[in-house]
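**Student:** Take a look and give me a structure for this.
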Amino acid sequence: MATSGTDEVAQALWYTGPGQVEIRQESLPEPQTGELRVRALYGAISRGTEGLVLAGRVPASEYEETMSKAKAMLKAVEIAQKGF
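**Tutor:** Next comes the predicted model:
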């Protein structure tokens, strides 16, 4: 993560198409009340799922199920944050 003035910037891996990835700079918003920013020194990419994504071989049904689960997890986090 680099600092650009008061804005925090991080590197993000984007899958842009089958067999194509990009490292992009992403601006990070300021944490809101009750939030915190965690700095990861290392990350991991699994050979399984990410390999399928990179190859463009994730079935639409899997994508839809994964997105549904992700939305449910985000909603649970929102609810949990309201309790703090």
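**Student:** And the strands in this protein?
**Tutor:** 2-4, 7-17, 20-28 (DSSP state E).
**Student:** Now do the residue nearest the centre of the chain against Ile23, distance only.
**Tutor:** Nearest to the mean C-alpha position of the chain, by Cα atoms, centre = their mean, lies Ala12 at 7.9 Å. The gap separating Ala12 from Ile23 is 7 Å, by Cβ to Cβ, to the nearest Å. Glycine gets a C-beta too; all of them are placed from N, C-alpha and C.
**Student:** what does Arg37 give?
**Tutor:** From Arg37 across to Ile23, the span is 20 Å (Cβ to Cβ).
**Student:** who's more crowded, those two?
**Tutor:** Arg37 (11 against 8; other Cβ atoms under 10 Å).
**Student:** Per-residue pLDDT of the more buried one, please?
**Tutor:** With respect to pLDDT, Arg37 scores 86.
**Student:** So it sits against Pro29, correct?
**Tutor:** No: at 9.5 Å, Arg37 does not count as touching Pro29 under the criterion of Cβ atoms under 8 Å.
**Student:** buried residues in stretch 15-24?
**Tutor:** For stretch 15-24, the buried set under the neighbour-count rule, 16 or more other Cβ atoms under 10 Å, is empty.
**Student:** about what we covered before: Gly43: which of the strands of the chain is closest?
**Tutor:** Evaluated over those, closeness to Gly43 peaks at strand 7-17, with 8.1 Å, by Cβ to Cβ.
**Student:** Noted, bye for now.
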